[in-house]
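Sharing a model that was predicted from the sequence below.
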Amino acid sequence: MNIIMTGRHLEITPALKNYAEEKIKKFDRYLSNISEAIVTLSIEKYRHKVEILLKANGVLIQAEGITGEIYSSIDEVVEKLERQVKKYKEKLVSYRKGEGKVTGVQSKGTATAESGRIIKNKQFELKPMSPDEAAMQMELLDKDFFVFTNEGSGDINVIYRRKDGNFGLIEPLK
């Protein structure tokens, strides 16, 4: 697993790096196919924030933790990731039993607007998947919407979380 560590307003000491790497390496027990882990450590006033993004078979699993101390933030985010990875593994097993093996991941592009300006641009590779798989990926990323290529129609679709807790699917007209 390739671990990429970045510090924002923070110098990453060898002790801090070793601590974070030890915590992240234990995810190999749950998912043996993790290709990359991107860790971002940042300090904003009194908030110590840690974000981790795991990439496994094209599936993205993301979590963040914010506390008053950087080591406790790492612990918090690792706990969140453990829950998400276990949830992913359970869903993966249930998909295999019911509908066949889950195919890889897709991509997601988001643009956040502030006063009509694009302030962030992300690009991801879109891989075909079913709406159920897209819903699972959206939950793993803890986002409110997800853009994906529908494996049935080949069109780009958007799945989103409704206020009532259910999901909505946006498909283009032909």
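Arrived safely.

Let me see the contact set for the nearest residue to residue 10 once chain neighbours are set aside.
Distances taken as CB to CB, 6 or more residues apart in numbering place residue 43 nearest to residue 10, at 4.9 Å, with adjacent residues excluded. No exception for glycine: its C-beta is placed from N, CA and C like everyone else's. Applying CB atoms under 8 Å, 6 or more residues apart in numbering, one finds that residue 43 lies in contact with 8-10, 49, 70.

Next, residue 43: secondary structure please.
Put simply, residue 43 is strand when judged by DSSP: H, G, I helix; E, B strand; the rest coil.

Quick check: which element contains residue 90?
According to DSSP states H and E, residue 90 maps onto helix 70-98.

what comes up buried for that helix?
Within helix 70-98, the residues that count as buried by 16 or more other CB atoms under 10 Å are 70, 73-78, 80-81, 84-85, 88, 91-92, 95.

Now find how far off-centre that helix is within its chain.
10 Å (CA atoms, centre = their mean, to the nearest Å).

picking that back up, farthest pair in the buried residues of helix 70-98?
70 and 95 (36.8 Å; CB to CB).

follow-up on the earlier one: which among the contacts of residue 43 gets closest to residue 139?
residue 49 (21.7 Å).

so the strand or helix carrying the closest one versus helix 70-98, what angle?
Per DSSP H and E, residue 49 falls inside strand 47-56. Relative orientation of strand 47-56 versus helix 70-98 (axes from the mean of the first three to the mean of the last three CA atoms, to 10 degrees): 30 degrees.
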